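Colleague: what follows is a predicted structure for the sequence shown.
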Amino acid sequence: MEFDFTPVVTYFPTLLKGVGVGSLVAIAVALMSVVGGLVVAVISIYTKKVVSWPLRFFIWLFMTTPLLLQLYFLYFGLGEWILIPAIVVGILGLGFHYMAYNADIFIATIKSVSDGQYEASRSLGFGHWNTILYIIVPQAFIRSIPQLGNNMILMVKDTSVLSAIGVAELVYASQYAISVSFRPFEFFIVIALMYYVINILMELGQAWLERQTAYRR
Amino acid sequence: MDFDLMVEVTPLLIRAAWVTIDISSRAIFFGFFVACGLVFLQTFRFAPIRWFARGYISVIRGTPYFVQLLLVFYGGPSLGLRLDPITCGVVVGAFNIGAYMSEAIRGSIESVDKGQSEAARSLGFGKVQTMVSIVLPQAASLMIRSVGVLAIVLIKNSSLVSIISVVELTYQAQRLIGSTYKPLEIFTISALMYIIIIYAVMGIIELAYRRATRYTTQ
């Protein structure tokens, strides 16, 4: 048993390209899941049951089934209708998954904003939707930041699963290099290390963001 | 919806669901011991042992489960560690959930007011006795809930074992979708099975929670 990290050095640019694709996916998913989650949460709280119940059903469905199963469903399900690249399927799949988790958080925090805020705003002349948009949602959003950060850290780790449907992120990018160099251990150790560094950076970022917004909570 | 197909694939998916249950329950069982070990290591006076436990927990929680699985399964042989896919799924699952679980256990023990153990010590209870009969019963309610959530996460994560070709629920579902081209039907049945498993676990957690809190005033 001896280790040889030279193939890892040779294929390092490929791995970095994988990190690039992974980051792109992560940013797209973060935007989609936070914005989408907020919209889903607001709609499922403030509209009639005909609209809100199907939404709650989808939140529940995405939270009780594994990500990989959802990805396969989307990959093969969408593949029947239109030909779209794997990366789009990956972003949509991961996006919907975390949209459900974020919506669940937003529902809790929106409900935690006291009724007095709504009543005061209405009595000052704000309309129903204006109150929700300008008074309730900003307060709820600030309160959601710690949990949203946790979800986004989990999400970045889950981008590795997208290699299963052929998204060219870090794990997928290493497949070819591993198959020609026969050095899986060295490659996966380096990949794990890269994820670990990204994870620590995100944790630091989360702590910073929480400190910045703490006075508003 | 093709209901004939749904009836036809159900037995196959039920058999696959048993594999999911088997892997997950074994991983949770062994993971509990890993977690207790990690909690125990963190109480050592000798600092390097504590650092080791902290470092282990940090690394496991900071890297994807998926990469850990691939590392052990494909990279293990170069360290002389050859595991068959199912054992690999159980071992990696146990060592993964152990790190998360140890944090949950430590958190729930620390949530018990310090005055409780101080009072017990001053009444003449030993260290072990204080832990077993004063602190743990009070920590139990929080511990059961947080460990239960982790168990459910592990059941969902067990779908990743399909990548190393264990024929569990997600693997079977993916194969059936590939051969029948009926994603909606297959997804419905397999999702239903995950939901049944998860709700069964939630029921067990709830029962354990009620039992643990039956003497506490609420």
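Modeller: Happy to help now that I have it. It should be emphasised that the depicted structure is a prediction, and the values quoted were computed from it without experimental measurement.
Colleague: chain B: helices as residue ranges?
Modeller: B:3-41, B:47-62, B:65-70, B:85-110, B:114-122, B:127-130, B:136-157, B:169-180, B:183-212 (DSSP state H).
Colleague: return the most buried member of those helices.
Modeller: Across the helices of chain B, averaging neighbours per residue (mean count of other C-beta atoms under 10 Å in any protein chain shown) puts helix B:65-70 on top, at a mean of 24. All C-beta spots, glycine's among them, are computed from the backbone N, C-alpha and C.
Colleague: what about it, near chain A?
Modeller: Yes: applying C-beta under 8 Å from any C-beta of the partner chain, one finds that helix B:65-70 is in contact with chain A at B:65, B:66, B:67, B:68, B:70.
Colleague: assign the residue nearest to the last one when sequence neighbours are not counted to helix, strand or coil.
Modeller: Spelled out, that is residue B:70. With sequence-adjacent residues excluded and distances taken as C-beta to C-beta, 6 or more residues apart in numbering or on different chains, residue B:70 is closest to residue A:188, at 5.5 Å. When classified by DSSP: H, G, I helix; E, B strand; the rest coil, residue A:188 comes out as helix.
Colleague: distance of residue A:188 relative to residue B:8?
Modeller: Between residue A:188 and residue B:8 the distance, using C-beta to C-beta, to the nearest Å, works out to 39 Å.
Colleague: tell me the pLDDT at residue A:1?
Modeller: Looking at residue A:1, its pLDDT reads 61.
Colleague: same thing with residue B:96?
Modeller: Confidence per residue is given as pLDDT, and for residue B:96 that number is 94.
Colleague: mind listing what it touches?
Modeller: B:31, B:60, B:65, B:68, B:154, B:157 (C-beta atoms under 8 Å, 6 or more residues apart in numbering or on different chains).
Colleague: now render those residues as JSON lines, adding pLDDT.
Modeller: Formatted as JSON lines, these follow (pLDDT from 0 to 100):
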{"residue": "B:31", "pLDDT": "93"}
{"residue": "B:60", "pLDDT": "93"}
{"residue": "B:65", "pLDDT": "93"}
{"residue": "B:68", "pLDDT": "93"}
{"residue": "B:154", "pLDDT": "92"}
{"residue": "B:157", "pLDDT": "90"}
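Colleague: show me the contacts for the spatially most central residue of chain B.
Modeller: Most central residue of chain B, judged by C-alpha distance to the mean C-alpha position with C-alpha atoms, centre = their mean, is residue B:151 at 3.7 Å. The contact partners of residue B:151, taken as C-beta under 8 Å, 6+ apart, are B:24, B:28, B:97, B:201, B:205.
Colleague: show me which pair in the residues you listed is furthest apart.
Modeller: With distance counted by C-beta to C-beta, no two of the contacts of residue B:151 lie farther apart than B:97 and B:205, which are 14.8 Å apart.
Colleague: mind showing which ranges of chain B have poor pLDDT?
Modeller: Along chain B, the parts satisfying pLDDT under 70 run over B:217-218.
Colleague: alongside chain A, which residues does it contribute?
Modeller: Along chain B, the residues adjacent to chain A under the rule C-beta under 8 Å from any C-beta are B:59, B:62-68, B:70-71, B:74-76, B:78-80, B:156-160, B:162-163, B:169-170, B:173-174, B:177-178, B:181, B:183-184, B:187, B:190-191, B:194-195, B:198.
Colleague: hmm, try it at 6 Å
Modeller: Those residues of chain B that sit near chain A, judged by C-beta under 6 Å from any C-beta of the partner chain, are B:62-64, B:66-67, B:70-71, B:74-75, B:78, B:156, B:159, B:163, B:170, B:174, B:177, B:183, B:187, B:191, B:194-195, B:198.
Colleague: residue of chain A with the smallest distance to chain B?
Modeller: When you check chain A against chain B by C-beta to the nearest C-beta, the closest residue turns out to be residue A:185, at 3.1 Å.
Colleague: can you list the residues of chain A near chain B?
Modeller: A:64-66, A:68-69, A:72-73, A:76-77, A:157, A:160-161, A:164, A:184-185, A:188, A:191-192, A:195-196, A:199.
Colleague: separate out the buried members of these.
Modeller: Under a neighbour-count criterion of 16 or more other C-beta atoms under 10 Å in any protein chain shown, the subset of the residues of chain A next to chain B counted as buried comprises A:64-66, A:68-69, A:72-73, A:76-77, A:157, A:160-161, A:164, A:184-185, A:188, A:191-192, A:195-196, A:199.
Colleague: could you report the pLDDT at the residue nearest to residue B:70?
Modeller: In this prediction residue A:188 is given a pLDDT of 89.
Colleague: so how far is residue B:88 from it?
Modeller: In this view, residue A:188 and residue B:88 are 13 Å apart by C-beta to C-beta.
Colleague: quick one: low-confidence parts of chain A?
Modeller: In the prediction, chain A carries residues with pLDDT under 70 at positions A:1, A:217.
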